[in-house]
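>>> Starting from these lines, generate the structure:
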Amino acid sequence: MKVLSLLTAITGIARAIPSPFKKADTASCPYYLPEGGYEFPHLIVPINSSNVAMGHSYFADISPSNGATIYNFDIPPSRAHQQCSLYFTFPRHNQLSTSDYQWTGNNNDSESAGTLQAVQYQYATGATDSTTGNTQPALGLDAPITINSVTPGNAYKIWTGLSGAGGVMSWRLSSTDSWLHYFQDWNLCAIGLWVVYEGAAPAPVS
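You can find the predicted model right below:
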């Protein structure tokens, strides 16, 4: 499954990125990830309303009502109970150097604004390669968070809270009116979903 996912991802990257390592306008990047102060998703699992497991992917797929993506973040013990935030970073095409995306907002064009919804699963649960839309982890107590007027060239702080006791923090992104397909990438002008720690130093381990 891992080998197949990797081969699928490599093929997808070749299709999605027209010019790898192209010169990017990173001087105006909407958000720079703090070095050593963030977590990238260790598992990305697209889901839909079927019982078919799509498995781990390097791409996120979001579409109205049906397509969503789950992200697992592994919080190390050294970061336990630390204040952190969830960011969605969404550069413009010319700000990306090793990624690309397809976006259609609520006016059915690539420049119009759209809406995303984020929901957190219960802490220490998360997706696996076999997760489907009908076998998602249990939702957390917080209500879904709506991010309005999403457009390329911006970064959005979605949530701020404690990082938990160490373990899996899992989130889902979906939409009721927009389509998004992108390759998650940290490379300078990052695109995707990230957990960012507030303050540079890890919390002391007791």
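>>> what ranges do the helices span in the chain?
2-16 (DSSP state H).
>>> Point out where it drops to low pLDDT.
Within the chain, the ranges that satisfy pLDDT under 70 run 1-26, 109, 199-206.
>>> residue ranges of the strands in it, please?
Ranges of strands within the chain are 38-39, 43-47, 59-62, 68-75, 83-90, 101-104, 114-120, 145-150, 154-162, 167-174, 179-183, 192-197, based on DSSP state E.
>>> What strands line up against the longest one, and which way round?
Each strand paired with strand 154-162, and its direction, by DSSP bridges: strand 83-90 (antiparallel).
>>> The third one now?
As defined by DSSP bridges, the strand partners of strand 59-62 come to strand 179-183 (antiparallel).
>>> now the partner strand against strand 145-150, angle please.
On the basis of axes from the mean of the first three to the mean of the last three CA atoms, to 10 degrees, strand 179-183 is oriented at 90 degrees to strand 145-150.
>>> In strand 179-183, which residues are buried?
Neighbour-count burial for strand 179-183 flags 179, 180, 181, 182, 183 (criterion: 16 or more other CB atoms under 10 Å). C-beta: built from backbone N, CA, C; applies to glycine.
>>> With respect to residue 147, which of those is nearest?
Checking those against residue 147 by CB to CB gives residue 180 as the nearest, at 11.7 Å.
>>> hey, what's the closest one bridged with?
residue 62, residue 103.
>>> residues contacting it?
In this structure, residue 180 makes contact with 60, 61, 62, 63, 101, 102, 103, 104, 114, 116, judged by CB atoms under 8 Å, 6 or more residues apart in numbering.
>>> Mind doing that once more with 7 Å?
Residues near residue 180 by CB atoms under 7 Å, 6 or more residues apart in numbering: 60, 62, 101, 103.
>>> Who wins on neighbours among those residues?
Greatest neighbour count in the contacts of residue 180, by other CB atoms under 10 Å, goes to residue 60: 24 neighbours.
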